[in-house]
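1. Here is a sequence with its predicted model. Questions after.
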Amino acid sequence: MRAEGLAGSMRFIAHLGLLLAVIAWVLGIPRVLGLNLYTEQYLAFILGCCIATGFLSAAAPRWWEQAAALAGFAICAFVAVRYPTLQLEIVDRPPEAVGVGAALIALVLWLTWRSAGPALPSLIGCMAAYAFIGPLLPGDFATRPVQVTRLIVYLGLDTNAILGGPLAVAAIVVIPFTILGQVLSRGGGPEFFSHISEALVGRYRGGSAKIAVVGSALFASSSSSPTRPR
């Protein structure tokens, strides 16, 4: 019972941290406070919250799932705090960058396996293996040799890998848009759009259908949902 309570508290902290971080970033609060943060610092914190949430998604997470959630959050928090220094030293591949990168890659692949099945992690593993097999291949299939530490640092900490575009789109666009949609939906937005639709097209022939189309379009344009709740 105590373990379940701890998992619930960890899950709540991860959800709350994710929500507050997204709201603060969208509103530009760090800039208002004079904090010049890299976007990657924000993305690392968001990733940590998501890793923790993913491993704690079960109703009663096992101890190793709680340990993985805590480790993932701690590693991402470390990256968020140390990123200004790491991005300057990343070319030299210091031990802390290699260790953090390896741990982050392992946790992300593990969580992806748990949530989406083995296909995607296996594909990523094959593509990573090609980096080492490529130098042995002939002709156009040949690639330049790459050191293991360089690949780990690149995949774990570079802006073109885990802390890159897909995560940025999710953290900067998708999540804030979804939160706005929920706030709008629970704040009476659907009814407001329905009244506007009725006023605009309700008096014309086929008014019911036109009201549904216009209302759904207005609601979808600002809520992330294409269906207007009744």
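-> Arrived safely, thanks for sending.
2. mind checking the SS state of Leu37?
-> The three-state label given to Leu37 by DSSP: H, G, I helix; E, B strand; the rest coil is coil.
3. Tell me which residues touch the residue located most distally from the centre of the chain, please.
-> Distance to the chain centre peaks in the chain at Arg205, reaching 45.8 Å (criterion: C-alpha atoms, centre = their mean). Contact partners of Arg205, counting by C-beta atoms under 8 Å, 6 or more residues apart in numbering, are absent. No exception for glycine: its C-beta is placed from N, CA and C like everyone else's.
4. which SS class is it?
-> coil.
5. next one: phi and psi at it?
-> Arg205 has phi and psi values of phi -60, psi 140 when expressed as degrees, to the nearest 10.
6. ok, now Thr112?
-> The phi and psi values for Thr112, taken as degrees, to the nearest 10, are phi -60, psi -40.
7. Leu56 now?
-> Dihedral angles of Leu56 (phi, psi; degrees, to the nearest 10) stand at phi -100, psi 20.
8. now do Ala209
-> phi -70, psi -40.
9. now it: how far from Glu191?
-> 19 Å (C-beta to C-beta, to the nearest Å).
10. Please apply the same query to Pro30.
-> 35 Å.
11. Looking only at neighbour counts, state which of those two leads.
-> Higher neighbour count among Pro30 and Glu191: Pro30, with 15 against 12, using other C-beta atoms under 10 Å.
12. my guess is that one meets Ala24, correct?
-> Yes - using C-beta atoms under 8 Å, Pro30 is in contact with Ala24, at 6.6 Å.
13. moving C-terminal of the helix or strand hosting Gly54, what's the next helix or strand?
-> Per DSSP states H and E, Gly54 falls inside helix 39-55. Helices and strands here follow DSSP H and E; after helix 39-55, the next one along the chain is helix 63-89.
14. between that following helix and helix 39-55, how big is the angle?
-> 170 degrees (axes from the mean of the first three to the mean of the last three C-alpha atoms, to 10 degrees).
15. and helix 63-89, how far out from the chain's middle?
-> Computed by C-alpha atoms, centre = their mean, to the nearest Å, the separation of helix 63-89 from the middle of its chain amounts to 14 Å.
16. residues contacting the residue nearest to Arg11 when sequence neighbours are not counted?
-> Distances taken as C-beta to C-beta, 6 or more residues apart in numbering put Leu56 closest to Arg11, at 4.5 Å, once the chain neighbours are dropped. Contact analysis of Leu56 by C-beta under 8 Å, 6+ apart lists 7, 10-11, 14, 65-66, 69.
17. Need the max-distance pair from those residues.
-> Largest separation among the contacts of Leu56 by C-beta to C-beta: Ala14 and Glu65, giving 12.7 Å.
18. Those two: which has the busier surroundings?
-> Neighbour totals were compared for Ala14 and Glu65, and Ala14 leads with 23 against 17 (other C-beta under 10 Å).
19. Roughly how far does that one sit from Gly34?
-> Distance from Ala14 to Gly34, by C-beta to C-beta: 27 Å.
20. Skipping its backbone neighbours, what lies nearest Gln66 in space?
-> Spatially, and ignoring its direct neighbours in sequence, Gln66 is nearest to Ala7 (5.6 Å; C-beta to C-beta, 6+ apart).
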